[in-house]
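Student: sharing a model that was predicted from the sequence below.
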Amino acid sequence: MPDFSGRIRRHLQVLAEDIGPRGSGTEAEARAAAYVEAQLRAVLPRVWSEDFKTPGAYAWAYLVIYGLALVGALALVAAAAAAPFASGRGLAAAALVLGVGAVVVLLRENTTAGTLGGWFRQYPSRNVIGVLPPAEAEPGTAAPVVLSAHVDSAKWGLMFDPKGVHRFRALFLGGVASMALVPVLGLAIWLTGRAVLGWIAVVPAAWLLVSMALLVHREVVGTYTPGANDNASGVAAMLALAEYFAERPPRRVPLWFVATGAEEVGLVGMLDFLRRHGHELRDAAFFIFDNIGSGHPKYAVTEGMIRSYRLDSGLIDLAARIAAAHPEWGVRPARNDLMSTDALPAVRQGFRTIAFRAEDDRGLLPNWHWPTDTLDRVDVDVINTVARLAEAMIREMDGG
Ligand SMILES: [Zn+2]
């Protein structure tokens, strides 16, 4: 049974403490990517990086979307206020159009990103990629495994306050529901002419306003967290596995190691990687490591905040089988509907994907997007367990 703890500890120290906060598209993110590249170069035969542009935050795109729905909601309230004098049908029609537009753009933005991102100021980011060819087989005889983790860290914001973060999903889904209610009310008023229904729109308007205020507060006041758990833990595991496998390569399975940038602002790095390499990795299995450093180690069986996507059943079965053979690890399955990870674009584009994470007793990510996401709160044993699980899965896929 390999022990990765020494290697993991070394990488964690550099990423979470020596480099520290490394916001998407910042100079510190570039330093973290350079560190990863140097580490991979030391052990792998083929290592390179790929530059791309990223917005500095996802907040601006969401503000546009929420703003569209908010204007629609206010139009409905105006229709209600004017009810004695006007039918409100024109305002209702406007709300219908704005609300439908907001929902359509939101669904795209939340699942594939990039819809509005290009409107805003762009920053340089990059992915670092290393490939380990198999020891015996000719390339192409077995499907590759892609091990991936994002190097950037996120800003803290009040919606991630540990005291209230269990309501994060409800806050987000409330925003989605508020947005969806606007065109429904618009249609109802337009059809019935009962403009007083517009008063109901006060509720979604207030919800959207609060959500927008939280987003702005986070961008203006929030600072980047050290990201020890999110996601120095995942990068440390990926690097430790690269070093380990470089010494004992799989016989048939090629391994790709991918450190993505700009995950926290819309999965921008993974989307860029799939755009460039998706065609040559059609049969590959994607292993995503994100927040694996604190709590109970888990493998995710679903992914997605709005629509739930099932991760690959073959990979899930394999993880379950190995977890069952090692009850001392305490590894369990988990549903991820709390946030989007790099697993989401991969699974949506039809790649065989599994994701690893660690959760507290409430099923939440400890210190998630909060200033307390520091090195001293990360448990190397948990990361080591996840790395062992991934190693065992790859050995099994390699033919035992
Ligand atoms: Zn993350």
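Tutor: Looks like it came in fine.

Student: which residues touch L185?
Tutor: 76, 92, 95, 197-198, 200-201 (Cβ atoms under 8 Å, 6 or more residues apart in numbering). For glycine as for every other residue, the C-beta is placed from the backbone atoms N, C-alpha and C.

Student: pick the one among the residues you listed closest to the ion.
Tutor: Using Cβ to the ion, A201 comes nearest to the ion of these, at 35.0 Å.

Student: okay, now the closest one: neighbour count?
Tutor: 28 (other Cβ atoms under 10 Å).

Student: measure it to R275 for me?
Tutor: Distance of A201 to R275, computed by Cβ to Cβ, to the nearest Å: 39 Å.

Student: could I get the pLDDT score of G114?
Tutor: With respect to pLDDT, G114 scores 59.

Student: before we move on, what about the one 5 residues further on?
Tutor: Model confidence at W119, given as pLDDT, is 83.

Student: contacts for the host helix or strand of W207?
Tutor: For W207, the host element (DSSP states H and E) is helix 202-221. For helix 202-221, contacts defined as Cβ under 8 Å, 6+ apart pick out 57, 59-60, 62-63, 66-67, 69-70, 73-74, 77, 155-159, 171, 174-175, 177-179, 181-182.

Student: doesn't V253 fall inside a helix?
Tutor: No. Under DSSP: H, G, I helix; E, B strand; the rest coil, V253 sits outside any helix and is assigned coil.

Student: go ahead and confirm it touches E396.
Tutor: No. The criterion here is Cβ atoms under 8 Å, and V253 misses it with E396 at 10.1 Å.

Student: of these two, who's got more company?
Tutor: Legend: neighbour count by other Cβ under 10 Å for V253 and E396, higher for V253 (24 against 13).

Student: contacting residues for the more buried one?
Tutor: Taking Cβ under 8 Å, 6+ apart as the test, what V253 contacts is 134, 142-145, 394, 397-398.

Student: in helices only, show me these.
Tutor: 394, 397 (DSSP state H).

Student: now render the contacts of V253 as JSON lines, adding pLDDT, neighbour count and distance to H11.
Tutor: Putting those into JSON lines (pLDDT from 0 to 100; neighbours: other Cβ atoms under 10 Å; distance: Cβ to Cβ, whole Å) gives the following:
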{"residue": "P134", "pLDDT": "95", "neighbour count": "18", "distance to H11": "25"}
{"residue": "A142", "pLDDT": "92", "neighbour count": "18", "distance to H11": "28"}
{"residue": "A143", "pLDDT": "94", "neighbour count": "16", "distance to H11": "27"}
{"residue": "P144", "pLDDT": "97", "neighbour count": "22", "distance to H11": "23"}
{"residue": "V145", "pLDDT": "98", "neighbour count": "26", "distance to H11": "20"}
{"residue": "I394", "pLDDT": "98", "neighbour count": "19", "distance to H11": "19"}
{"residue": "M397", "pLDDT": "96", "neighbour count": "18", "distance to H11": "24"}
{"residue": "D398", "pLDDT": "94", "neighbour count": "19", "distance to H11": "24"}
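
Student: closest residue of the stretch 51-200 of the chain to the ion?
Tutor: Counting by Cβ to the ion, the stretch 51-200 of the chain gets nearest the ion through H150, at 5.6 Å.
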